[in-house]
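> Quick one, what's the 3D model for this:
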Amino acid sequence: MFGLIGHLTSLAHAQSVARDLGYPEYADQGLDFWCSAPPQIVDNITVTSATGQTIEGRYVESCFLPEMLASRRIKAATRKILNAMAHAQKHGINITALGGFSSIIFENFNLQQFEQVRNIKLEFERFTTGNTHTAYIICQQVEQASKQLGINLSKATVAVCGATGDIGSAVCRWLNSRTDVAELLLIARDRERLRLLQEDLGRGKIMALEEALPQADIVVWVASMPKGVQVDANSLKHPCLLIDGGYPKNLETQFQHPEVSVLKGGIVEHTLDIDWRIMQIVSMDVPARQLFACFAESMLLEFEKIYTNFSWGRNQISVQKMAMIGEWSIKHGFQPLLLEPR
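All right, here's what the predicted structure looks like:
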């Protein structure tokens, strides 16, 4: 059985969804209540692969809200993720994906040091961040959506914002070794880690965000938007492909220009038979036919009966593992979300 650990996008969203799901006692509560609310299994999921194989899964609502980080309630935020993981393990879920902020919190606050959650010793091999599949799908979006816009990768400059992160560094390695991208621009806050990535790739220009964006034909955004930064869409190349691989996905409102195409990164489309209701409440444009690639990774591992933390730790994603998860993704009926025809 596979599992998905997720959360809602805001307190207002959580209150609305609680009402829709039949939890009226949650619906009118403020942030203090949500800080103490326990994780819940809110959906039982059945997925039928393109191969005809059927698997079962559970959606675990962690009750984490982004406002917990914004208000510096770090202990509450970290406890949410650990409790949700313990809840999944207690219910016998073999492989569970950490969706949204779950994996970010786990890695940034080094939660692997907390193995014991009350009477449960976490078995970390039961969990995956889903980042390998996410990175693979973003790379496919670069390769395929660029063709939709008539951008020739062999002549194109690709800027990766958040290049030293787990997903960003994997995207850089794939584009460097599996495509003929002409130029890579590397953007991140930590200059030393940028230098190490540049050394690993054997190329790439380290640049500030404001310097890199006007030079890029394609921008892969896998970082949060820095506070106070405003980018004029007129300063970008036209056409420009901007892949929003961060969470939450909000770049579409930042870059509104007819020659700037914003694509939601790390989203897969499918024609599978998936019996669930949760995608209708997690801000998916076409909930019956789309889902997060990180969630799909746990499904793929369940289909292939690979019960291990396939994606784990920072900057551990290899091009070989991306190719492997890519083969399974195609086999079981997932495709990258691409641009709508104009």
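> Only C-alpha atoms from now on, for both contacts and neighbour counts.
Will do.
> Can you give the domain ranges for the chain?
The record's domain parsing of the chain by automatic domain parsing lists 2-131+269-325, 135-266.
> Quick check: mean pLDDT of the last one?
For domain 135-266, the mean per-residue pLDDT is 93.
> what's the answer for the first one, then?
Mean per-residue pLDDT for domain 2-131+269-325: 92.
> chain center to it: distance?
Counting by C-alpha atoms, centre = their mean, to the nearest Å, domain 2-131+269-325 is centred 11 Å from the centre of its parent chain.
> Including mean neighbour count, could the domains of the chain go into TSV?
Shown next, in TSV, are the domains of the chain (neighbours: other C-alpha atoms under 10 Å):
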stretch	mean neighbour count
domain 2-131+269-325	18
domain 135-266	19
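> Turn the ones you listed into TSV, columns for distance to residue 339.
Listed next are the domains of the chain as TSV, based on distance: least, C-alpha to C-alpha, whole Å:
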stretch	distance to residue 339
domain 2-131+269-325	12
domain 135-266	6
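> for the ones you listed, which one sits closest to residue 332?
domain 2-131+269-325 (4.9 Å; C-alpha to C-alpha).
> in this protein, which spans are helices?
Taking DSSP state H, the helices of the chain run over residues 11-21, 24-27, 31-36, 66-70, 74-90, 101-108, 131-148, 166-178, 191-201, 209-212, 251-254, 293-303, 319-332.
> Who are the packing partners of the last one?
Read that as helix 319-332. helix 131-148, helix 166-178, helix 293-303 (3 or more C-alpha pairs under 8 Å, 6 or more residues apart in numbering; DSSP states H and E).
> How about the first one?
Helices and strands touching helix 11-21, as assessed by 3+ C-alpha pairs under 8 Å, 6+ apart, comprise helix 24-27.
> Return the list of helices and strands in contact with the helix it packs on.
helix 11-21.
> Among the helices and strands packed on helix 319-332, which comes closest to residue 319?
Nearest of those (C-alpha to C-alpha): helix 166-178, 5.8 Å.
> If I take the closest one and helix 191-201, what angle do their directions form?
Angle, helix 166-178 to helix 191-201, by axes from the mean of the first three to the mean of the last three C-alpha atoms, to 10 degrees: 30 degrees.
> just checking, what packs against helix 166-178?
On a contact count with 3+ C-alpha pairs under 8 Å, 6+ apart, helix 166-178 meets helix 131-148, strand 157-161, helix 191-201, helix 319-332.
> Which one of the ones you listed lies nearest to residue 263?
helix 131-148 (8.3 Å).
> how far away is the residue lying closest to residue 109 once chain neighbours are set aside from residue 112?
Closest residue to residue 109 apart from its sequence neighbours, by C-alpha to C-alpha, 6 or more residues apart in numbering: residue 78 at 7.5 Å. Residue 78 sits 11 Å away from residue 112, going by C-alpha to C-alpha, to the nearest Å.
> Could you name every residue contacting both of these two?
Common contact partners of residue 78 and residue 112 (C-alpha atoms under 8 Å, 6 or more residues apart in numbering): residue 106.
> In contact with the residue nearest to residue 109, which residues?
105, 106, 109, 111.
> quick revisit: quick one, which of the domains of the chain is nearest to residue 340?
Of all the domains of the chain, domain 135-266 comes closest under C-alpha to C-alpha, at 9.2 Å.
> My guess is residue 172 contacts residue 163. True?
Yes - taking contacts as C-alpha atoms under 8 Å, residue 172 lies within contact range of residue 163: 7.0 Å.
> Go through the domains of the chain and name the closest to residue 342.
domain 135-266 (9.9 Å).
> how far away is residue 11 from residue 296?
Per C-alpha to C-alpha, residue 11 is found 26 Å from residue 296.
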